[in-house]
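**Student:** Provided below for reference: sequence and predicted model.
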Amino acid sequence: MNAADSAGLLLSGIEVAGTLAFALSGFIEATRKRMDIVGVAAVTFFAAFGGGTLRDLLLDHRPFFWVRHSGYVWIVLAMVVVGSVWLRAVHLSPSARPMLWADALGLGLFSASGSGMAWEIGQPAIVCALMGVVTGVFGGVMRDVLCNEVPATFRDHRPYAICAFAGAWAFLAVASTIGAGWQALVAGVLVTAGLRIAALSRGWRVPGWAGERDDEPQGD
Amino acid sequence: MNAADSAGLLLSGIEVAGTLAFALSGFIEATRKRMDIVGVAAVTFFAAFGGGTLRDLLLDHRPFFWVRHSGYVWIVLAMVVVGSVWLRAVHLSPSARPMLWADALGLGLFSASGSGMAWEIGQPAIVCALMGVVTGVFGGVMRDVLCNEVPATFRDHRPYAICAFAGAWAFLAVASTIGAGWQALVAGVLVTAGLRIAALSRGWRVPGWAGERDDEPQGD
Amino acid sequence: MNAADSAGLLLSGIEVAGTLAFALSGFIEATRKRMDIVGVAAVTFFAAFGGGTLRDLLLDHRPFFWVRHSGYVWIVLAMVVVGSVWLRAVHLSPSARPMLWADALGLGLFSASGSGMAWEIGQPAIVCALMGVVTGVFGGVMRDVLCNEVPATFRDHRPYAICAFAGAWAFLAVASTIGAGWQALVAGVLVTAGLRIAALSRGWRVPGWAGERDDEPQGD
């Protein structure tokens, strides 16, 4: 197996892990809001597929990821049903370490691949980078809007979208020199996930407006 | 008049009744939120046309229902103006029996026809069923998001989206055996509306997460 | 320089001023919600480009305004960064007079040009008018939904969408007689902005539902 095959396999694994981590974040937030199983399923779907679907709508790209790979829809449905029956006693937390890693890697992959789709159709670099961020982040934004919350990533002062933005530029830098292949994807994943994990473990904070200080309570 | 003509006429009648019921649900919620007439009109439009429009965006289908039949836009506008002037003294309720029936039949028709549109362009069955649910349900979801509420259908524990899901599968079962004609639409409408009316009259409940019990207050 | 050139230059100036006013309204609301800089940037983008992007999605029009003119993305990004550093001491208000004028003119231009895009592809007049309103108004609606508020324009009883609606019809009236050129755009801008400024300076109010009176507190 050569390097490209290994990278392809690795990226597929990250795609699965990332999608599940995104889905699980929706599952957890919806159950916290005491939604019924329909609401839990809907929010889980949006968290898992919302970012990629918005990117595809914006880029006029069909079929959607979850239409092309409809097995993912069944997996998420199964997760909701099994989760509702079986996880009653389990206290899931989105801050558990394996979930943070899966989420960070997924964020990196989706941001890089989202940038890549815009890159392939010749969009300006800043647009490619934004499409990457949308792909990685807007599933979570839709999740929070449906749960009637200000999106967490807009106000929790923890780097998330910024890591995706940096990773998207890393992807674009490699893509513009040696092409938009697996090397560029890996670069994007490494930069995004590395920054995200470093930010969490070192407590880096995104600045807020108007002299807000770190020691200040964040409200809400 | 043969069976197909009668069915066509019946389905057209259901389309009008269902659209008006959806619109009225938006009108009622927006007025409850004490919106001005602009907000009432906007929420009414989203409730009436939002689900079908989202389906058409996802399926890349143009022109939209309300562009093809722009008479509906005038009807909804007239409803908002007349309603704002004349219904001051009337206490409308979305739980009035005629409205529940119109809503249930409309839900059935829009779910079946939404599934049918995805079916015609060869999407996987699970995707067709989800498109049906989106068509029937997301007008109400957008209505609630614009009113700054957690969508009612995600948390009221009353079967709604689930009925649409079942009806979509009924449509797909008939469509895959004898074709996606009026028989499949009628099957979808009957299953969705029958389940919905039965669920309401017998008090069936959608399970929630984490051992939530029927006798427990649902909070807000 | 002939009349068409002058009008073109004027309309370009209005486009820049209107986009900045829309962006600034997002910046202000996001900072009020104490979002971090990521949230401020996202809400600012949606306020600036959301209405036009929704219109383009609905009309299946590509590339988007902000993809075609990606310089605007850099300007908005720069505004967020500079604003976050430098405006700490400045008390911006969306009710400042220059901002109200820029917003009113931008509303007029975006409504007229949105109607024009629907007009060019032969949509019914009522659909063209609605597309104009969507273009002018839905950036603000998305801004408020992301900030977890009922959209201000739906409930503040101050004419905004109605002015855009009237201006869109003015555009369509001129477009259907002498063509959809700069004269129609100028007519739309004048009607929308004129009505908006008149409404604000004279305190005109949009009626609400169920006998709500002007002297009644509007609650939240």
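**Tutor:** Right, received. Where do you want to start?

**Student:** residues in contact with the residue of chain A found nearest chain B?
**Tutor:** Residue of chain A nearest chain B, by Cβ to the nearest Cβ: A:Gly39 (2.7 Å). (C-beta placed from N, C-alpha, C; glycine too.) Contacts of A:Gly39 were listed using Cβ atoms under 8 Å, 6 or more residues apart in numbering or on different chains, and they are A:30, A:33, B:150-151, B:153-155.

**Student:** After the helix or strand encompassing A:Gly52, heading C-terminal, what element do we hit next?
**Tutor:** Assigned by DSSP states H and E, A:Gly52 belongs to helix A:37-59. Once helix A:37-59 ends, the next helix or strand along the chain (criterion: DSSP H and E) is helix A:65-68.

**Student:** Tell me the helices and strands packed up against that next one.
**Tutor:** helix A:37-59, helix A:71-86 (3 or more Cβ pairs under 8 Å, 6 or more residues apart in numbering or on different chains; DSSP states H and E).

**Student:** ok, the last one near chain B or not?
**Tutor:** Yes - part of helix A:71-86 sits close enough to chain B to count as contact by Cβ under 8 Å from any Cβ of the partner chain, namely A:73-74, A:77, A:84.

**Student:** Drop anything exposed from those.
**Tutor:** Taking 16 or more other Cβ atoms under 10 Å in any protein chain shown as the criterion, what is buried in the residues of helix A:71-86 next to chain B is A:73, A:84.

**Student:** from the residues of helix A:71-86 next to chain B, which has minimum pLDDT?
**Tutor:** Lowest pLDDT of these: A:Ser84, 78.

**Student:** wouldn't that one be in contact with A:Ala78 here?
**Tutor:** No - A:Ser84 is beyond contact range of A:Ala78, at 10.8 Å (criterion: Cβ atoms under 8 Å).

**Student:** Run a quick neighbour tally on the residue in chain A positioned nearest to chain C.
**Tutor:** Relative to chain C, the nearest point of chain A is A:Phe154 (2.7 Å; Cβ to the nearest Cβ). Neighbour count of A:Phe154, defined by other Cβ atoms under 10 Å in any protein chain shown: 29.

**Student:** same deal with A:Asp156?
**Tutor:** Neighbourhood size, A:Asp156 [other Cβ under 10 Å]: 17.

**Student:** gap between it and A:Gly114?
**Tutor:** With the distance defined as Cβ to Cβ, to the nearest Å, A:Asp156 ends up 22 Å from A:Gly114.

**Student:** What mean pLDDT does the biggest helix by length in chain A get?
**Tutor:** Longest among the helix segments of chain A by residue count, using DSSP state H, is helix A:3-32. Helix A:3-32 shows a mean pLDDT of 88.

**Student:** Show me what it is packed up against.
**Tutor:** By 3+ Cβ pairs under 8 Å, 6+ apart, helix A:3-32 packs against helix A:37-59, helix A:71-86, helix A:97-120, helix A:125-146, helix A:182-202.

**Student:** how much does it deviate in direction from helix A:125-146?
**Tutor:** Relative orientation of helix A:3-32 versus helix A:125-146 (axes from the mean of the first three to the mean of the last three Cα atoms, to 10 degrees): 30 degrees.

**Student:** Can you list the buried residues in helix A:3-32?
**Tutor:** By neighbour count with 16+ other Cβ under 10 Å, helix A:3-32 contains the buried residues A:7, A:10-11, A:14-15, A:17-31.

**Student:** tilt between it and helix A:71-86?
**Tutor:** Using the same axes, to 10 degrees: helix A:3-32 against helix A:71-86 is 40 degrees.

**Student:** Measure how far helix A:3-32 is from the centre of its chain, please.
**Tutor:** Centroid separation for helix A:3-32 versus its chain: 9 Å, with Cα atoms, centre = their mean, to the nearest Å.

**Student:** tell me which parts of chain A are close to chain B?
**Tutor:** So far as Cβ under 8 Å from any Cβ goes, chain A lies against chain B at A:30-31, A:33-40, A:42-43, A:53, A:57, A:60, A:62-64, A:66-67, A:70, A:73-74, A:77, A:84, A:88, A:145-148.

**Student:** ok, of the helices and strands packed on helix A:3-32, where does mean pLDDT dip lowest?
**Tutor:** Among these, helix A:71-86 scores lowest, at a mean of 87.

**Student:** next one: that helix to chain centre, how far?
**Tutor:** 19 Å.

**Student:** ok so, going back, relative orientation of the longest helix of chain A and helix A:182-202 in degrees?
**Tutor:** Using the same axes, to 10 degrees: helix A:3-32 against helix A:182-202 is 40 degrees.

**Student:** Let me know the angle separating helix A:3-32 from helix A:37-59.
**Tutor:** Using the same axes, to 10 degrees: helix A:3-32 against helix A:37-59 is 130 degrees.

**Student:** Helix A:97-120 and helix A:3-32, what's the angle between them?
**Tutor:** In terms of direction (the same axes, to 10 degrees), helix A:3-32 departs from helix A:97-120 by 120 degrees.
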